[in-house]
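> Predicted model follows, preceded by the sequence.
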Amino acid sequence: MEDSIQKVTDLIRRSQKVIVFTGAGVSTESGIPDFRSPGGVWQKYNPEDFYYQKFISSEESREKYWQMSREFYEPLKNARPNAAHEAVAELERMGKLDCVITQNIDNLHQRAGSSPQKVIELHGTAVSVSCLSCRKKYTREEIQSWLLRDVKVPRCDACGGILKPDTVSFGQSMPVRETEEAFHRARNCDLFIVIGSSLVVQPAASVPLEAKEAGAKLVIINREPTYHDSYADVVIHGSAGEVMSKVLEYLKTK
Ligand code: APR
């Protein structure tokens, strides 16, 4: 592990444009469960129930969705950035970071100090809610207060339309600007570091390969093997917080 951490540190030293790409595994040490580890979200809930088409077509699906959302909002709201998020913000302060591309919706990179304009949220954000008809925006906090007053399926108080968090559900189209920006930046970086993703969900999982094919070095830091380990120049199977803390420590001292 030490040898691999030294390799990652050397790659960062030699790089001018580093991209960090994160998944749910970067936030589990902040108390937010990931999706595919044992005990993850998709072991507790059936992803089939959370497809966008179901959400917009059935009141029953919306009720199930909001029940899960209400349950997961508390750990999300109370979560604090961990050492991995802080290390990414530090890389930005060191002038090394081109951007963070995240699949996460928890806003923890921004709360750790990463500049919002340098955080590309491929799967949207859980901190706001929009009306699918009139686009009126609400804070997720406000909608949580409705849910805690036993509103089962929140409706827009301006037009009666369907409300949905500003996250991207399965079957929902990806945000065009963010997706194009992520692939464009991946093609123009010199080092691409994946932290805490199983790399199974498309199109996000293709972004690291785009960087590799365009000539960047690829590093994967993940507790378990990922779908794309074989493409990486360096693979570290370990904890995001621990590994990234050591990388920053080495960067500053060795
Ligand atoms: N340190 C390092 N790796 C970790 C840690 C940790 N503390 N905790 C979990 N992991 C690893 C797991 O081993 C797993 O391989 O992070 C990975 C998380 O993978 P997933 O749960 O599949 O999450 P992610 O890759 O972000 O999923 C992508 O799927 O359901 C959709 O929209 C959802 O954005 C999500 C997308």
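Alright, I've got the coordinates.

> Excluding covalently adjacent residues, which one is nearest to the residue of the chain found nearest the ligand?
Here the chain gets closest to the ligand at one residue, residue 25, 2.2 Å apart by C-beta to the nearest ligand atom. Every C-beta, even on glycine, is put in place using the N, C-alpha and C of the backbone. Closest residue to residue 25 apart from its sequence neighbours, by C-beta to C-beta, 6 or more residues apart in numbering: residue 196 at 2.4 Å.

> Report the buried residues of whatever helix or strand residue 4 lives in.
Per DSSP states H and E, residue 4 falls inside helix 2-14. Residues of helix 2-14 classed as buried under the neighbour-count rule (16 or more other C-beta atoms under 10 Å) are 4-5, 8-9, 11-12.

> ok, now stretch 212-232?
Applying 16+ other C-beta under 10 Å to stretch 212-232 flags 212, 216-223, 226, 228, 231-232 as buried.

> Need the max-distance pair from the residues you listed.
Spatial extent of the buried residues of stretch 212-232 (C-beta to C-beta) is set by the pair 216 and 223 at 23.2 Å.

> Show me what from this structure comes close to the ligand.
By C-beta under 6 Å from any ligand atom, the residues of the chain that approach the ligand are 23-25, 28-29, 34-37, 40, 103, 123, 196-198, 200-201, 222-224, 226, 239-240.

> Among the residues you listed, which ones are in strands?
Among those, DSSP state E puts residue 222 in strands.

> sorry, back to before: contacts for the helix holding residue 4?
Residues outside helix 2-14 that contact it (C-beta atoms under 8 Å, 6 or more residues apart in numbering) are 18, 91, 96, 190-191, 193, 217, 219, 221, 233-236, 243, 246-247, 250-251, 254.

> Weed out the non-buried ones from those residues.
18, 91, 96, 190-191, 193, 217, 219, 221, 234-236, 243, 246-247, 250-251.

> At which residues are the helices of the chain located?
Using DSSP state H, the helices found in the chain span residues 2-14, 41-44, 52-57, 59-78, 83-93, 108-111, 140-148, 176-186, 207-213, 240-253.

> Could you dump those helices into CSV with mean pLDDT and distance to residue 155 added?
Converted to CSV, these look like this (pLDDT from 0 to 100; distance: least, C-beta to C-beta, whole Å):
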stretch, mean pLDDT, distance to residue 155
helix 2-14, 96, 48
helix 41-44, 90, 25
helix 52-57, 96, 13
helix 59-78, 92, 10
helix 83-93, 98, 35
helix 108-111, 98, 29
helix 140-148, 97, 9
helix 176-186, 98, 27
helix 207-213, 98, 36
helix 240-253, 96, 39
